[in-house]
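Enquirer: Quick one, structure for this:
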Amino acid sequence: MRSVLRSTWPVLSVVLLAAAACAPGPIPRRLEARLKSVAEVVKRPDLSRDEVEQALARQLREAPVPAEGGENLSNPVFPTRETLTEFYANNGQQLAWCDDSGSILPSTKILLDALRRAGEHGLDPEDYALSRLDLLGAEIGKPPLDDAAVARLADFDLLMTAAFFRYASDLSTGRVHPDEIRNDWHTNLPDLAPLTKLDRALLGDNLPQLLEALPPPHPGYARLREALKGLHEIEAAGGWPAIPGGPKLEAGSRGPRVLLLRQRLSEPGGEGDSPTGALAGAGDEFDEALAESVRRFQERHGIKPDGTLGATTLAELNVPVERRIRQVELNLERWRWIPRSLGDPHIFVNIPGFDLELVRAGVPVWHTRIVVGKAFTPTPVFSDRIVAVVANPPWNVPNSIAQGEYLKELRKNPKAFMRRGIRMFEGSEADPREVDPATVNWHALGKGRFPYRLRQDPGPANALGRLKFQLTNDYRIYLHDTPTRGLFGQSDRDLSHGCIRVEKPLDLAEQLLGESSQDLLSEALAQTKERHVSVNPPVPIHILYLTARVDESGALRFSPDVYEFDGPQRTALDRVASRVSGGPASGAKEGARPPGR
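Expert: Reported below is the predicted structural model:
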């Protein structure tokens, strides 16, 4: 149970005789004065010369700047001056991190240790004024207990509380909100109640449990955090060797570049993940074992695994470890934006990895390749539920596709789509009237002047294939089959208008429906009419954007940044870090930025 320094602190009352018995004590007065001074400092761009006041001011959060068209115009962030004021008001203006004798409490050392290890989560300890806390903490408890000692105690306590709130917020919900970066990332951040949680943790002496519960509980986060540790070890050892440019290397090639390639792929962990299998001392010949190692590296980096060293593979091999560290840190941040409760079972879709996996009891049990939206028609990031499997779905052609792509063809040949089972309608969906394309003056139509709806009947040429997986979102995004099967053999599969095409839709349907509904599904597919089969209970689906992740085997995988999200996120984090540190962010060096592809 924590002790607190009360306004009638016996030891200080001997020294500070000027404090009247009925007046607020020196500590509450100091806390209030400091918070008022910080409020003024926040408004001044040059801040103050007082280092503690400056450190406190930099801890206080500003409202996020939303991306153009973003939904979250204001967002609760911690700490603010109001957060600190409310915390100390709720606790009778008492100190939280020292006892009645002015000695540091065990909980203080626990939090300071957690802040020192913030780098393990991809965070910067200096974002929480750790150096200033260490300097102040070294003076706590030293005589004499005069005005300066009171000031140090109050400053130390305020900085500790602000550090906790900021660290808790950063680790639980992220340093920035995704809506500050892109407006097509739709997610509700996990709830954070730092005031009550900190107070209860200090009262109940269970701060370690609170700190342990702050980071995302997902296995994917823990694996990525472990990979970050491995990358830091490689960085400390000097990084991995660079391979000079030159002719393509393949089976049978020889020379010093082959030796460097073998050394690069035989580094500890291969790249922070499980070994690639290359042997460092096997000579300068590009043999089959090395080719297999290259294929494994390519597969983990979203490159066509042909087992040769071409320009793309060489560029990925030569990405400095510092950039990989920054990329992992960005993706640790994205895990903090993901709901804490994912559901069991649930589905993960990773857009840059072009991959879908079904997870039961926290373990991936099934996966398939997917096709996602193009960069200019991106698949949004959001969470939803799969509520039904639709057999023989018709395709209601989005108006953007009808006007942007099909109108040109209809002007040339009004009946071109009839062979593909696409029909035209006008009127409401409840009372549609079919229109003969040959009767329409197509040249009079254009963007904004297209009063028709196009619908493709079920059949072998239908763009949705034989199966559609119905979601509940307002973005008109769903999963579906496709007659264009060859696309799944490509490495880069950002090719759709936003919806997600599934390579193995029938297997997915069987996974979702279970054995009891498989006969019903088979019966529905044997017909040509549209039929809905409910998924009961609905299965949660989380559509994510992870350019670095660690799979269940321990392999660290990097995916192409198809929507160019890494750069803007890095800029947003640098902006926050620059305010906290008063200068350039530690990770803002050009050489530390994630690579583009």
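Enquirer: Excluding chain neighbours, what is closest to P538?
Expert: Closest residue to P538 apart from its sequence neighbours, by Cβ to Cβ, 6 or more residues apart in numbering: R385 at 3.9 Å. To be clear about C-beta, it is placed using only N, CA and C from the backbone, and glycine gets the same treatment.
Enquirer: Thought T472 was touching the one you found, still the case?
Expert: Yes: between R385 and T472 there is a contact under Cβ atoms under 8 Å: 5.8 Å.
Enquirer: More neighbours: which of these two?
Expert: Neighbour count, other Cβ atoms under 10 Å: between R385 and T472, R385 has more, with 17 against 11.
Enquirer: Contact partners for the more buried one?
Expert: L471, T472, P538, V539, P540, I541 (Cβ atoms under 8 Å, 6 or more residues apart in numbering).
Enquirer: Quickly run through the sheet partners of the helix or strand containing it, with directions.
Expert: Assigned by DSSP states H and E, R385 belongs to strand 382-391. Strand 382-391 has the following strand partners under DSSP bridges: strand 467-470 (antiparallel), strand 531-544 (antiparallel).
Enquirer: Pick the most buried one from those.
Expert: strand 467-470 (a mean of 24; mean count of other Cβ atoms under 10 Å).
Enquirer: Next SSE downstream of it?
Expert: As assigned by DSSP H and E, the chain's next helix or strand after strand 467-470 is strand 479-480.
Enquirer: Partner strands of that next one and their direction?
Expert: strand 467-470 (antiparallel), strand 500-502 (parallel).
Enquirer: quick one: contacts of it?
Expert: In contact with strand 479-480 (Cβ under 8 Å, 6+ apart) are residues 356, 370, 386, 393, 464-465, 467-469, 471, 499-502, 505, 508, 541.
Enquirer: hey, C-alpha coordinates of stretch 226-236 in CSV?
Expert: Provided in CSV are the C-alpha atoms of stretch 226-236 (Å, rounded to 0.1, in the frame of the first residue of the first chain):
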residue,chain,number,x,y,z
GLU,A,226,10.9,-10.4,-30.3
ALA,A,227,12.1,-9.9,-33.9
LEU,A,228,12.9,-6.2,-33.1
LYS,A,229,15.2,-7.4,-30.4
GLY,A,230,17.0,-9.7,-32.9
LEU,A,231,17.4,-6.8,-35.3
HIS,A,232,18.8,-4.6,-32.6
GLU,A,233,21.4,-7.3,-31.9
ILE,A,234,22.3,-7.4,-35.6
GLU,A,235,22.6,-3.6,-35.6
ALA,A,236,24.8,-3.6,-32.5
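Enquirer: from the chain's centre, how far out does that stretch sit?
Expert: Distance of stretch 226-236 from the chain centroid (Cα atoms, centre = their mean, to the nearest Å) equals 20 Å.
Enquirer: just stretch 386-406 next, same as before
Expert: When distances are taken as Cα atoms, centre = their mean, stretch 386-406 is centred 29 Å away from the chain's centroid.
Enquirer: quick one: buried residues of that stretch?
Expert: By neighbour count on 16 or more other Cβ atoms under 10 Å, the buried set for stretch 386-406 is 386-395, 397-398, 402-403, 406.
Enquirer: Endpoints of that stretch, how far apart?
Expert: Using Cα to Cα, to the nearest Å, the end-to-end distance of stretch 386-406 comes to 30 Å.
Enquirer: swap in stretch 546-566?
Expert: 10 Å.
Enquirer: Report the distance from stretch 94-109 to the chain centre.
Expert: 36 Å.
Enquirer: Can you show me the CA trace of it as CSV?
Expert: What follows is stretch 94-109, C-alpha atoms only, in CSV (Å, rounded to 0.1, in the frame of the first residue of the first chain):
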residue,chain,number,x,y,z
GLN,A,94,-0.9,14.2,-2.6
LEU,A,95,2.3,12.9,-4.1
ALA,A,96,2.0,9.5,-5.8
TRP,A,97,5.6,8.4,-6.1
CYS,A,98,7.2,9.2,-2.8
ASP,A,99,6.4,8.3,0.8
ASP,A,100,6.0,10.6,3.9
SER,A,101,9.7,10.8,4.4
GLY,A,102,10.4,11.9,0.8
SER,A,103,11.8,8.5,-0.2
ILE,A,104,11.1,7.0,-3.6
LEU,A,105,8.5,4.2,-3.5
PRO,A,106,9.0,0.7,-5.0
SER,A,107,6.3,1.5,-7.6
THR,A,108,8.5,4.4,-8.8
LYS,A,109,11.4,2.2,-9.5
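Enquirer: Show me what the mean pLDDT comes to for that stretch.
Expert: Across stretch 94-109, the average pLDDT comes to 87.
Enquirer: What of stretch 359-371?
Expert: Here the average pLDDT along stretch 359-371 is 95.
Enquirer: outside of that stretch, which residues touch it?
Expert: Contacts of stretch 359-371 with the rest of the structure, by Cβ under 8 Å, 6+ apart, involve 219, 342, 344-349, 354-358, 479, 482, 487-488, 493-496, 500-504, 507-508, 511, 551-552.
Enquirer: Ok, stretch 421-440 next?
Expert: Contacts for stretch 421-440 (Cβ under 8 Å, 6+ apart): 397, 410, 414-415, 417-418, 451-459, 461-462.
Enquirer: Can I get the buried part of those as one ChimeraX selection?
Expert: To isolate the buried members of these in ChimeraX, using 16+ other Cβ under 10 Å:
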select :397,410,414,417,452,453,454,455,456,458,462
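Enquirer: Out of the contacts of stretch 421-440, list just those in strands.
Expert: Those of those mapping onto strands are V397, R453, L454, R455, Q456, per DSSP state E.
Enquirer: which ones are touching the second one?
Expert: When contacts are counted by Cβ under 8 Å, 6+ apart, R453 is found next to N396, V397, N399, A402, M424, F425, E426, E429, P432.
Enquirer: Please dump these into JSON lines; it should also carry distance to A524 and secondary structure for every row.
Expert: Converted to JSON lines, the contacts of R453 look like this (distance: Cβ to Cβ, whole Å; DSSP: H, G, I helix; E, B strand; the rest coil):
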{"residue": "N396", "distance to A524": "19", "secondary structure": "strand"}
{"residue": "V397", "distance to A524": "23", "secondary structure": "strand"}
{"residue": "N399", "distance to A524": "29", "secondary structure": "helix"}
{"residue": "A402", "distance to A524": "28", "secondary structure": "helix"}
{"residue": "M424", "distance to A524": "27", "secondary structure": "strand"}
{"residue": "F425", "distance to A524": "25", "secondary structure": "strand"}
{"residue": "E426", "distance to A524": "30", "secondary structure": "strand"}
{"residue": "E429", "distance to A524": "23", "secondary structure": "coil"}
{"residue": "P432", "distance to A524": "24", "secondary structure": "coil"}
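Enquirer: Now do stretch 190-199: distance from first to last residue.
Expert: Stretch 190-199 has an end-to-end distance of 20 Å (Cα to Cα).
Enquirer: Same question for stretch 499-511.
Expert: Stretch 499-511 has an end-to-end distance of 20 Å (Cα to Cα).
Enquirer: who touches it?
Expert: 349, 356, 358, 366, 368-373, 379, 389, 465-467, 469, 476-482, 484-485, 487-488, 518, 521, 533, 543.
Enquirer: Could you tell me the phi and psi values at the residue positioned nearest the centre of the chain?
Expert: When Cα atoms, centre = their mean is applied to the chain, the residue found nearest the centroid is R334 (1.1 Å). Dihedral pair for R334: phi -70, psi -30, per degrees, to the nearest 10.
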